[in-house]
Structures are given as structure tokens and as C-alpha cells.
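Student: Make a model of this:
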Amino acid sequence: MKKFNIRKVLDGLTAASSSSSSATSHSGTPRENDVIQETLQSEHFQLCKTVRHGFPYQPSSMAFDPVQKILAIGTQTGALRLFGRAGVECYCQHESGSAVIQLQFLVNEGALVSALADDSIHLWNLRQKIPAILHSLKFNRERITYCHLPFQSKWLYIGTERGNIHIVNVESFTLSGYVIMWNKAIELSTKTHPGPVVHISDNPMDEGKLLIGFECGVVVLWDLKCKKADYRYTYDEAIHSVAWHHEGKQFVCSHSDGTLTTWNVRAPAKPAQIITPHGKQPKDGKKPEPCKPILKVEYKTTRAGDPFMVLSGGLSYDTVGRRACLTVMHGKSTAVLEMDYPIVDFLTLCETPYPNDFQEPYAVVVLLEKDLVVIDLGQIGYPIFENPYPLTIHESPVTCCEYFADCPAELIPALYSVGSRQKRQGYSKKEWPISGGNWGQGTQSYPEIIITGISLHLSNFFFTLKVMLQVLYKLKTAKVFERARSKEEKPSTEIVEEDPFAIQTLSWCPESRMLCVAGVSAHIIVYRFSKQEITTETVQLLEVRMQCEFSDGDSPDPGGEQTPTLPTPGASSSPQESEPPTQPSTGSNSCDGPRDNIPCLKVRSSPLKQSPGYQVELVIQLVWVSGEPPQPITGLAINSSYGLVVFGNSNGLAVVDYLQKTLLLNMGTSELYSPSDPYQRQPRSPRKQRQPSGAACDTNDGSNTSEDRCKSPTSGSTSPCNSDDERKQKFIQKVKFKSRRFSKTVANDFAKMSRKISSSSEQKPDLDAKDNSFIRSRSSSVTSIDRESREAISSFHFCESFPRKMDSLVSPCVLVGTTQGTVMMVALSLPPGGDQRLQQPVGISSCGTLVSLKGGILTMALLDATGTLLPPAYESWYDPNASDEDKEKNRRRRPASPPSSQEGQDSQFAVLCSEKQAKVVAMPSQTRIYKHNITESSFVLRADVVQMAGANCIACFCANGHIMTLSLPSLRPLLDVNYLPLTDMRIARTFCFSNLGQALYLTSPTEIQRITYSQETCDNLQEMLSELFTPVETPEAPNRGFFKGLFGGGAQSLDREDLFGETASGKASRSLAQHIPGPGGMEGMKGAASGVVGDLARARIALDERGQKLGELDERTAAMMASADSFSKHAHDMMLKYKDKKWYQL
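Tutor: Numbering: from 1, shown residues only. As a prediction, this is how the structure comes out:
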């Protein structure tokens, strides 16, 4: 008899969650929550973003602060990424999401101006750890095309699509009344519009002269004081960019026909020089053939040597298919540097920030579509700098992701030591030039590892500490396979649309360093970690033939022997000790049909040289069965203590002993159910074998008829068989929408299976009713049997528990979860260690169903009687290539040792979570003590049992964007936040939780977003984050020299305040632009870093706000004075009017 647990009911009433939870306890079972004191409460949880890693997705613009040494990159989605020294990164986002078309630093001021495609400009405060917008200005009538902010100036020039130039005060973000109109800048006789403004810059030697470039090819030198054009330079090709010589006497323009024109400032009639860097020079002296546009050019001078001219584009049109190039012209030499991706922008880094001094360029930062390259100009051959940022996450689309927090301390140095040998040679020996900012001072010190599997058959190991991310090691999994060279070899990989070597899922044991990787071509690779290089003569191969159903003559064992489903230690297939099973297996009931017993990939037959690091131990491949491709792997787990790999798909599961290189178990999902199991599903009848014409094949051609499928399991009578197509399509769409457990290929295969099931049911062959009577189904609707027949394996968990109900001793087990919510127990019988482990077979037995949940099983775990998490047993790492003495010295098996159960008492709790609900089951009584319905309208994409604040909980991410945590074992809701709606399959595939309140996902194809759900981490986030702005002295201005100062040959300064201020130029039109105060005022400064920098930032913003308020007060005072003067004037006029009149004349 069941009774309610009062404490659990009260907890459920007080929890602010839409999810429903219930807890029941059976009579005779102690009240576990009275024994286990749960310490986790709602106040321990808070959700926030921490840091973003990777390459900015879809970059569009770039800027560099030469004093602070900070690089800013804007993207087409309105994001800003700021980079300093290694480990100094920052991410911020414009609310509008419009593309960032240009960035301008206020050099050494800790501020940044961004111009967006929605015609708005924003001022960012970088003096706080989380940058915020101080001011915004939205243009209403004109579109922004170019911005220019002179060094040490507070006046920003803004060019528009109409050809006009407006001036903005960046301190108050107000428009000046000074406007340069296009019709005054060009010749009066010009009959056409010059087009948008594509360039603005002031003369390096005279701040009063502004160079304006129009798209049509007209360049104007504008005198700001006189408000007129001094010179106009006309060329018949469109202009893309302009660059000054530092002396201010010459400038260079790049054009759309691939030419560079050099102009003398005082000679506007014609260019001083015209060159086509990549054009072929005709011998007859004619004009060179046109080339592609030169999109940007920079002209930098040196004291001792020739100037540098750096340009992008300009290649000849006959170079079809050639990659994007950056051209460096230095003296008489021209170097063409090919890039892997198209060039978005580039900047030349110079020693001085002053434009009127020798620039002394030392590096070029090249922003590509998918990479960031920095070229060293100071060394011969122009080598590139080694990039310290983790920008290689996106080498190919990421297909899976795993996150491990608090890893063994010795693991990081081991991976780093072997990963450092993979680095390419030829980098510049100089230090990375982008070196600004300071690291945070957070208290987090535990190491974390992120493993990403990508479609380029590569596994990346990333090391994280605090908010840093560093690439540790890369593993290429395709090395063990041969590349298809002929057309005959390629069709075997047609089950996948992407790279046949792409990684689909992985399982990793940090303690033993064992790694198991499953690919989309139904292949599994087991790796061991070794510090020594070896050469493997023959790659160990095991081929497995997995079928979803079997007739009496079919054999599930790849060797042709019938694998028993009941377990005796010696009943499994015998180990093949003479040689590994590298030969293809042959089924006992195969015929000469299309493609049978053939793997999708071919393992290489030549010797394999394996570098230190992860080395191949065993390759497992699923083979084609009677013309049907193998189903992709949907569940995978490895255990180093037992020496086993277990995997499953929609056909069933298999257990492989990777020590003996043998297959131990291969059976369909339906065979795991015991005969008396109330949750057993009806296995599908054998599929009709494909037979070519004229071929005789002994096959069982049986399948259920519609009437047989619709028989009631209790009465035996037939009922009408309703159409199940609608539910079938919903199920297929759901599978296609799913995340990490099923890739696109799995969903397509499930759709194929659905069509085959429907077609087989329409054939209605005769079948013996005795052989096809099924046991009672869990489902209340008999039409759901067709749907349930597609049950696939979704997850595994190795543990040491009680295999059967009311057992008193623990033993090695495997928990098996399916896509239909069933959790089954499989018992393992391991031989003694040492040589006997390599000679005697491992016994396996199915123990039936443990419990059933709604939705597919996502994660499983085991707790002891005190609520402590029981991790799977593992074996400490030892080098497999070391001497035998070192192996025995380091080889220690560390199994989990839970206490044995006393009579009538439960000593373990199985924690089970599915797409819909979570349950806690007491062991060995197998009594469900807690149950929680996580979601009704959506489904869980990822769930993990994690450790947090010294306790355990379940963390869930739902398809509706909610992130939830549940306490253990009572399943009380602790956190429920609507964080991230599922808008991309990538998020569902890569979202994962880790211990200590950490989680991450791929927010774009190139970026990893890390988040935390820990209140403690959120509180310490300000200390952990890095500082972008550091107090640095601005370099001294260049010395003018005695004679230049005497004769006026030096740089001419300009008092822009007198020229652009309100007193001189008046007020700008209010309808032109709208000022929007940003959230980065005093409220935004509350979270800024403490100390001198924070105080200075707060003082600066306070002064800005005070100045703004004083300005508003002055305006109100002036308005009141004008009103008073008007009233006085009217009163005086009234007095004069009635001064001499009598009272009767009024």
C-alpha cells in the first residue's frame, strides 16, 4: 500500500516550478530523505554567461588600439569580440543585431566607437570588465558608410550614402552644426552625384585639411576653416580606399580596376604614378589589362629603408580558383601571401600611434572569414605568429561535444606534452603583438577539459582554467582507414551525406585515459594513451553483424555461432586467440544479394606509425546485412576496469572485450526483455530477404499481417487496425529534431525503417500464429506496437550494483537505456585478473527491465545510501608500451565498492532521467521512491548527474530553452530558467553539463559559449574576468626639430572645439539623428572592477553625466532668460501704448 511523504509534498508545494513532482514510498521501505540530508537549495543556483571562446562568427570589421594593444572584431550579427594577450578575451553584443560595418578606438582612452548597418553609432566603455554602451546615436535620414576618428580627437567624422559628412562629439554624442555637403565639395560643373563617401582622413601634417573620397573616383581635399575645397582629384575608376604618406604630401588610392594611383597633394591634374601590381604589362606600351578590385591599401614608411605598401585583392582575372591573397610591396620586392579563406579586413601594426611620424610597421593583422592571421614584417619570408587564441574549434562542423570538470591533475601535462609535438614549425620567433589587458584574479583553480568531435574526423582536446581556453591535443581518427580512390570503393559510404569519417559520439575515461570514438559510418575506434611512439603492423579489426530481428535459422553472432541470451560464464563466444578477426564475417543465412557482410570503410592494411598520444587499440565495424546498411551508433560506453566496450543502435546492442579483441554479446533490444517482463515489446518478424532473380535463398519470409498485429494480447480477438501514419510521422519528425543522441543520418535511417515497416505490413504473408503471439505490451494502444518496434539503445552506464531484485551482493553491471524509456540491467561475470583475464571469457546475462519512464533515456547514475555518487570502476592509467615492471607498478584497479545490502534494506539508489521525467529507484528492492515529471509540452535534450557544492543534482536542458536542476534523491526543483530557445540543431547537439556548475554549447559554428548555473561562480565572475584596459602612458609626440619649428614645416594643429562647437557652428537638425543614452552609466558601473581602474572609470562617467546635466541646465536657463526678455519687451510695449491715455480712453 502506498502512502504520501509529507515532507516531499511540502517541498513540492513551495517549489516555484511548472513541473509536477510526486514521491511515494512503499511500506516496509525506510524514508530515505530522513536519512540523506540534502544540502542543495535554490539559493545555490543562478544562471549566467561566463565567457565565449572561438573565432568570431561571420566577421565584418576590425580595429586595433596601438597603445593598449587590444584588437576588436565586429560581426555581421552585431557581436563584438575583444582580444588581448593569451587568456584575455571579451564578448559583448549590440541589441539590434545589425552588422558592425566599422570600429574606431579612442586610442588609450578605454573606449570604442562602433558603426552599425542600421545607421547607428555606439560608444562602448572598455574600462569595466563587462563593456557597456555609454551613448548611442541613431541617424534617421541618411545611411552611414564611413567613419573616421583622428588620434587624440573627440570629434568623429561620419560619411553618408548621400555624400555628406557630419561631425559628432564623442564625449556627449551630439551632432555638430558643421556639415560638409556633397554639392559644395565637388565641382559645380559636375552633373552627377559623386556617390557615397568611401574614405575620410585628415592630412597627417595639417589637421585642418580633410581628405574625402567618393565612390565615383573623386577625391576632395577640404579646408575645414575656410569651408571650401582646396583641391579636387579625379580618376575614371571607382575608389575603394585611400592611404596617406606620413609627411602629408602624397596619398595613394586603390581602384576597382586593380590599379594604384599616387597623387601629389598640390598637383591635382593627374596622378604622379599609376601602377597595376598584378597586371600584365603589354610590350607596346598600352594600358595593362584590368584586374580585380584592390579593396584596401595601406602605405607605411620606415626611417631606414623603403616604405611598405600592403594591399588586398587586385589579382588578375585569369587566376580563376586562386585563393585570396595579401600583397606586401617593399621596395622592389613584391610578396604575394595566399590565405586559406577570403580576406575581410587587414590592419598594419606600427610602432607609433602618431600619423605624422615614421610608422615603422612590424606586423599585419589579417582578418579572414574563418581565421585570424598575424604576419611578421620584420623577418625574411614574412612568417606568421603562432596564434595563442583557441580559434580552431571550427576546423569542420562540430558534431559532438563533452565537458569534463575537475580532471586528474596529471592529465593536463600529459596531453600538453604530446600535443606540443603536433605544432607546425616555421612560426615567427617574436612574441604575439596583441598583448594588452590583464588576467582575472578568480579563485577557481580546477582544470577542465572539453572534447569536441567534428566532421573532419578529428577530436580536439581543449584545456580550460578560469576563463581561459587552450588547445591541448588533436587526434585524427581517419588515419586507420584507407581513402577511397576508385568509384567502386565509394558506394559503401553512401549511408552518410557528410564526411564518412565524421565523429558522432564518444566516451572517455579521464582516469585511465581510454578513449572510444564512434563515427557516422557505424565504426568504433578504441584508443589507448601512450607516451612512446610505436608502429602497428596490423590494425586490430572486429566486424560485427547486427540485425534487428532473427528467424530460427539466423544467427546474431558474427562468427555464425548462436550467442546465448542467458548467461553462464562460459557461454559466450570463445576468444579468438590465434589471430584477431580481421577477416570479414559471414552470416549463416546470407545469400548472394547486394552488399552483405561488407563494412562501410576499409581499414588500412599497411603498417601504421602512431605518434605519442592516443594510439589505436581496436577498430570495430558494423557490416551491411542483406543489402541494408548498418544503423549508426546511438549509444556508447567504455570501462577500463572491465576491459569492455558496449554500444548499441536501433538494431540492438553489442558488448566487445577490447582486451581479448572478441565479441561477447550481440542481440536485439527485444531479446533483452525476460519472458515474464511486463514491459517487453514484440520483436519484429524477420524482414523479407532481397533475392535476385533466379537465385534460391533459404530465408524466412514471415512478417506480421495487419490482423496479427492488431490482435489483443489478452483476448486473442482481432480489432480494427487503425492507421498509425500520423503518429509515425510525428515520431520521425521528433527524431529528426533531436540532439546529440541522433544525427541527421540516424533520423533518415529511422524514416527508411518506418517506410519498410509500413510496406511489410501491407504484404500480409501467411504466418504461424503460435510463433508470433506476443506477450502483453506496456502500451495501452495496440497500434503503438509498430512504433515501439523501432526501439533503439540510447545510453549505457557501467556500475557495480545488484543485478536482480533482492540480491544481497553487488557485482559488475551495465544499465541499458532505450529510446522508449526502458531501463534494463545486464550482469557481467568477470574472470580473475592477470593472465586469466586474457584467457577466460566474460560472462554476460540479461536481467530484464528495471523500470520504465516516459521518453527516451538520457542519463543514468548510482548513489549510495548516503547520497554520494558512485562513479564507474576504472583502472589507473599505465603506459601500454612501457616495460612489464612499470605496467604492474602503475596498474591499479579502482572499482567502486558500495556496501552489500542487508536483508530487507536498500543500500543504493538508481537515478534515471529521460526526455520527459526523472525517477529514483531503490536497490536492490527495485522500488520507485521518487518521480518527477520534468516537462509535458517539450522534451529534454541533455541531462547529466553532476556534482555541485559538495552534493549531487540532475541538470537538464529542454528543447523549449529551459535549464532546470533537480535535487537528489528527492528530485526537488531547484532551478528553472528560460534561458535559450532551441533555434539551431547545433545547440542541441553540443549542449553539455559538467560538475561544479559549468555548462557549454556551440552558440555558432565557430564559437563555444560557456555558462554557469552556480551562484558562487556568478558572485566571483567579476574577479575571474580579465581586464581590457590598463593604465598606459601615451607615447610622446614626435619631435618637430628646430628648423621645422622655426620655418613652420611641422604638423599644423587645429582647434576643433572652436570650429565644430555650438557657438561657432550652431546646432544640428534634431530630425537628423536621435540621441539614445546607453545602459553603461552609473548603473552599469556598479559591476565594474574595484581598484584604481574602476574608480577612474566611475569618475569619468560621473563627470560625463554631470557635464550632460550641466549642459541641460544651461539650455533651460537660456530658455528661461529668453522668455523673461520677451515678457519684459511685451510689458514695455504695453506701457508705452497706454502711457499718455486717460482712464476714459482705455
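Student: And the helices in the stretch 801-950 of the chain?
Tutor: Remark: helices assigned in the stretch 801-950 of the chain by DSSP state H, counting those that start in this stretch are 835-839, 884-890.
Student: what helices or strands is the host helix or strand of residue 373 leaning on?
Tutor: Residue 373 belongs to strand 372-376 when assigned by DSSP states H and E. Where contact means 3 or more CB pairs under 8 Å, 6 or more residues apart in numbering; DSSP states H and E, strand 372-376 is packed against strand 361-368. From N, CA and C alone the C-beta is placed, and that goes for glycine too.
Student: returning to that earlier point: weakest of the helices of the stretch 801-950 of the chain in terms of mean pLDDT?
Tutor: Ranked by mean pLDDT, the helices of the stretch 801-950 of the chain bottom out at helix 884-890, which scores a mean of 60.
Student: Send me stretch 334-343 as PDB with only the CA atoms.
Tutor: These are the backbone C-alpha positions of stretch 334-343, laid out as PDB (Å, rounded to 0.1, in the frame of the first residue of the first chain):
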ATOM      1  CA  THR A 334      56.600  42.100 -54.100                       C
ATOM      2  CA  ALA A 335      55.400  39.200 -51.900                       C
ATOM      3  CA  VAL A 336      52.100  37.500 -52.600                       C
ATOM      4  CA  LEU A 337      50.800  35.700 -49.500                       C
ATOM      5  CA  GLU A 338      48.000  33.200 -50.100                       C
ATOM      6  CA  MET A 339      45.300  32.900 -47.500                       C
ATOM      7  CA  ASP A 340      43.100  29.900 -46.700                       C
ATOM      8  CA  TYR A 341      39.900  32.000 -46.600                       C
ATOM      9  CA  PRO A 342      38.700  35.200 -48.200                       C
ATOM     10  CA  ILE A 343      40.100  38.400 -46.600                       C
END
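Student: residues of that stretch that come out buried?
Tutor: By 16 or more other CB atoms under 10 Å, the buried positions in stretch 334-343 come out as 337, 339, 343.
Student: measure the residue positioned nearest the centre of the chain to residue 798 for me?
Tutor: The chain has residue 1002 as the residue nearest its centroid, 2.2 Å off, counting by CA atoms, centre = their mean. Per CB to CB, to the nearest Å, residue 1002 is found 28 Å from residue 798.
Student: Between strand 361-368 and the strand holding residue 373, find me the angle.
Tutor: Angle, strand 372-376 to strand 361-368, by axes from the mean of the first three to the mean of the last three CA atoms, to 10 degrees: 160 degrees.
Student: got a list of contacts for strand 372-376?
Tutor: 55, 73, 326, 328, 337, 339, 362-366, 382-385, 387, 389, 391, 428, 430, 432-434 (CB atoms under 8 Å, 6 or more residues apart in numbering).
Student: start to end distance for stretch 1018-1031?
Tutor: 27 Å (CA to CA, to the nearest Å).
Student: buried sites along that stretch?
Tutor: By neighbour count with 16+ other CB under 10 Å, stretch 1018-1031 contains the buried residues 1018, 1020, 1021, 1022, 1024, 1025, 1026, 1027, 1028, 1029, 1030.
Student: try stretch 415-435
Tutor: Buried residues in stretch 415-435 (16+ other CB under 10 Å): 415, 418, 419, 428, 432, 433, 434.
Student: what's the answer for stretch 802-815, then?
Tutor: Quick answer for stretch 802-815 (16+ other CB under 10 Å): 802, 803, 807, 810, 812, 813, 814, 815.
Student: Verify the stated contact: the fifth one with residue 845.
Tutor: No: Residue 812 lies out of contact with residue 845 (CB atoms under 8 Å); the separation is 11.4 Å.
Student: okay, and the common contacts of the two?
Tutor: Contacts common to residue 812 and residue 845, judged by CB under 8 Å, 6+ apart, are 827, 829.
Student: Where does pLDDT dip in the stretch 151-300 of the chain?
Tutor: 284-285 (pLDDT under 70).
Student: Reformat the buried residues of stretch 1018-1031 as JSON lines; add pLDDT and secondary structure.
Tutor: JSON lines is the format used below for the buried residues of stretch 1018-1031 (pLDDT from 0 to 100; DSSP: H, G, I helix; E, B strand; the rest coil):
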{"residue": "1018", "pLDDT": "91", "secondary structure": "helix"}
{"residue": "1020", "pLDDT": "88", "secondary structure": "coil"}
{"residue": "1021", "pLDDT": "87", "secondary structure": "helix"}
{"residue": "1022", "pLDDT": "86", "secondary structure": "helix"}
{"residue": "1024", "pLDDT": "85", "secondary structure": "helix"}
{"residue": "1025", "pLDDT": "88", "secondary structure": "coil"}
{"residue": "1026", "pLDDT": "88", "secondary structure": "coil"}
{"residue": "1027", "pLDDT": "90", "secondary structure": "strand"}
{"residue": "1028", "pLDDT": "92", "secondary structure": "coil"}
{"residue": "1029", "pLDDT": "93", "secondary structure": "coil"}
{"residue": "1030", "pLDDT": "92", "secondary structure": "coil"}
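Student: In the stretch 401-550 of the chain, what residue spans correspond to strands?
Tutor: Applying DSSP state E, counting those that start in this stretch to the stretch 401-550 of the chain gives strands spanning 448-454, 458-465, 468-476, 503-509, 514-519, 523-530, 534-536, 541-544.
Student: Which of those sits closest to residue 197?
Tutor: When these are compared by CB to CB, strand 468-476 sits nearest residue 197, at 40.2 Å.
Student: Pull up the pairing partners for the closest one, direction included.
Tutor: Strand 468-476 has these partner strands in its sheet, going by DSSP bridges: strand 458-465 (antiparallel).
Student: tell me the SS of residue 1119?
Tutor: State at residue 1119, reduced to three classes by DSSP: H, G, I helix; E, B strand; the rest coil: helix.
Student: Distance of it relative to residue 503?
Tutor: 69 Å.
Student: Looking at those two, which has the bigger crowd around it?
Tutor: residue 503 (26 against 10; other CB atoms under 10 Å).
Student: Report the beta-bridge partners for the closest residue to that one other than its chain neighbours.
Tutor: The shortest distance from residue 503 to any non-neighbouring residue, by CB to CB, 6 or more residues apart in numbering, is to residue 453 (3.1 Å). Note on residue 453: beta-bridge partners by DSSP bridges are residue 400, residue 459.
Student: among the contacts of strand 372-376, which are in helices?
Tutor: With DSSP state H as the criterion, helices contain none of those.
Student: Which two of the buried residues of stretch 1018-1031 have the greatest separation?
Tutor: Maximum distance among the buried residues of stretch 1018-1031 (CB to CB): 25.2 Å, for 1018 and 1030.
Student: re earlier: including distance to residue 851 and pLDDT, could the buried residues of stretch 802-815 go into JSON lines?
Tutor: As requested, the buried residues of stretch 802-815 are exported to JSON lines (distance: CB to CB, whole Å; pLDDT from 0 to 100):
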{"residue": "802", "distance to residue 851": "14", "pLDDT": "92"}
{"residue": "803", "distance to residue 851": "14", "pLDDT": "90"}
{"residue": "807", "distance to residue 851": "16", "pLDDT": "84"}
{"residue": "810", "distance to residue 851": "18", "pLDDT": "91"}
{"residue": "812", "distance to residue 851": "20", "pLDDT": "95"}
{"residue": "813", "distance to residue 851": "14", "pLDDT": "95"}
{"residue": "814", "distance to residue 851": "15", "pLDDT": "96"}
{"residue": "815", "distance to residue 851": "10", "pLDDT": "96"}
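Student: element containing the residue nearest to the centre of the chain?
Tutor: Going by DSSP H and E, residue 1002 is part of strand 998-1004.
Student: Using CSV, write down the CA coordinates of that strand.
Tutor: Listed next in CSV are the C-alpha coordinates belonging to strand 998-1004 (Å, rounded to 0.1, in the frame of the first residue of the first chain):
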residue,chain,number,x,y,z
GLN,A,998,29.6,24.5,-15.5
ALA,A,999,28.0,24.0,-18.9
LEU,A,1000,28.7,24.9,-22.5
TYR,A,1001,27.3,24.7,-26.1
LEU,A,1002,28.2,25.9,-29.5
THR,A,1003,26.4,29.2,-30.0
SER,A,1004,27.6,29.5,-33.6
